[in-house]
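In: Test case, fold it:
(one chain, ligands or ions: 2)
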Amino acid sequence: MIISVPGTSANLGPGFDSLGLAVELRNKVEFHPSKFFSVSIKGEGENNPRLKGNNLFVGIFNDHYSRLTQKKQNFKFTFYNQIPMSRGLGSSSAVIVSAIASAHEAAGIRVSKRRILNHALVYESHPDNITPAVMGGFNVAAVEKNKVFSQKKHLPSYIKAIVTIPNKPINTSKARTLLPKSYSKENAIFNLSHTALTVGAFFNEDWEMLKLATQDRFHQKARMKILPELFSVQKTAYESGALMSTLSGSGSTFFSMAYDEDAAMIANKLSQKFPDFIVKILDFDNDGLIIER
Ligand SMILES: Nc1ncnc2c1ncn2[C@@H]1O[C@H](COP(=O)(O)OP(=O)(O)O)[C@@H](O)[C@H]1O
Ligand SMILES: N[C@@H](CCOP(=O)(O)O)C(=O)O
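Out: Numbers count the residues shown, from 1 in each chain. Ligands and ions are numbered 1, 2, ... in the order given. You can find the predicted model right below:
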């Protein structure tokens, strides 16, 4: 059995804790019942000794498996990870979603994607990464009474993501402590109206609107100051023709979007200017969580 979950880019500028989309970087996990517990990791995190034992995936998997079956069973887990950790590309959401889905599969219980998403909310209180991780595509999400309510838009293949991944991580929970405790009415209205415009632009495929629509006054500046090169990443992306360029989640990655025909040129400019950062052109993912039985 293989369970896979895509990476995500959350916020998309003004849509703090509510907007996100899925990109074609996937973490896969394969598992079998076994006499002894074991973890093997290939790709991102393979040299991280902290992940070899009772990591975030294993803890969540065990919680759900024992709740669902009332049994204790060891498993052999093999992880194939493409999503870099603590770079704002939703590695924690992918792990949470895949652990919940894996535990249900291991217990032989078929469950809807919406149910998995609501379980994921217990481990990540904001829905902007877990929703596209489960559903794929562009999503707008809100939480009411511990449930996620969301709307999805399928993303076309003629637009691409260009991710500029710095060599330094930014931990999401730490990055959340950098934010102001309150916002002025003027800034709240600014983000509300720009979020609404961003959602409209995605649903109507009005990509030329995104540069204006994705401006933010809530979180980006405070976080980008941790890694000031990010201001030049955004400037370079826009000067090279990006349709939008925003901090991905809480960073450190910068997410840009472009037409297919412009993506290689923008990525080259970014790689030349920021040789220490990894620049990748990615397709968008419209599938979200995939369970291969
Ligand atoms: N592949 C993985 N396996 C196990 N745990 C992981 C994995 N990827 C991420 N995590 C957990 O998630 C944490 C990173 O979460 P966070 O800072 O929110 O990063 P991101 O922005 O990538 O979601 C890591 O410290 C680790 O605990
Ligand atoms: N809305 C959250 C998104 C965090 O995304 P991540 O990929 O950095 O975990 C926030 O901005 O804190």
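
In: use CA for all of it now, contacts and neighbours both
Out: OK.

In: Within range of ligand 1, give me the residues from the protein.
Out: Within the chain, the residues that sit near ligand 1 (C-alpha under 6 Å from any ligand atom) are 51, 55-57, 81, 85-93, 95, 171-172.

In: Inside helices: which ones of the residues you listed?
Out: The helices, defined by DSSP state H, take in 56-57, 91-93, 95, 172 from the residues of the chain next to ligand 1.

In: Only whichever of those residues are buried, select them in ChimeraX.
Out: Here is the ChimeraX command that selects only those of these that count as buried (16 or more other C-alpha atoms under 10 Å):
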select :57,91,92,93,95,172
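
In: Now pLDDT and distance to residue 74 too, for the ones in helices among the residues of the chain next to ligand 1, in TSV please.
Out: Output for these, formatted as TSV (pLDDT from 0 to 100; distance: C-alpha to C-alpha, whole Å):
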residue	pLDDT	distance to residue 74
56	96	16
57	97	14
91	98	24
92	97	23
93	98	24
95	98	19
172	92	31
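
In: Determine which two of the ones in helices among the residues of the chain next to ligand 1 are furthest apart.
Out: Using C-alpha to C-alpha, these reach their maximum pairwise distance at 57 and 172, which is 17.2 Å.

In: Buried residues, the longest helix anywhere in the chain. List them.
Out: Longest helix in the chain by number of residues (criterion: DSSP H): helix 185-203. The neighbour-count check on helix 185-203 (16+ other C-alpha under 10 Å) flags 188, 190-192, 194-195, 197-199, 201-203 as buried.

In: Show me what the helix or strand following that helix packs onto, helices and strands only.
Out: Remark: after helix 185-203, the chain's next helix or strand is helix 210-213, criterion DSSP states H and E. Other elements packing on helix 210-213 under the criterion 3 or more C-alpha pairs under 8 Å, 6 or more residues apart in numbering; DSSP states H and E are helix 185-203, strand 244-247.

In: Of the ones you listed, give the one that comes closest to ligand 2.
Out: Minimum separation from ligand 2 across the helices and strands packed on helix 210-213 (C-alpha to the nearest ligand atom) falls at strand 244-247, 8.9 Å.

In: The lowest-mean-pLDDT helix or strand in the chain: how far from the chain's middle?
Out: Every helix and strand in the chain was compared by mean pLDDT, DSSP states H and E; the lowest is helix 172-177, with a mean of 92. Relative to its chain's centre, helix 172-177 lies at 15 Å (C-alpha atoms, centre = their mean, to the nearest Å).

In: If you count neighbours, what's buried in it?
Out: Quick answer for helix 172-177 (16+ other C-alpha under 10 Å): 172, 175.

In: Please determine whether that helix lies in contact with ligand 2.
Out: Yes. Applying C-alpha under 6 Å from any ligand atom, one finds helix 172-177 touching ligand 2 at 172, 176.
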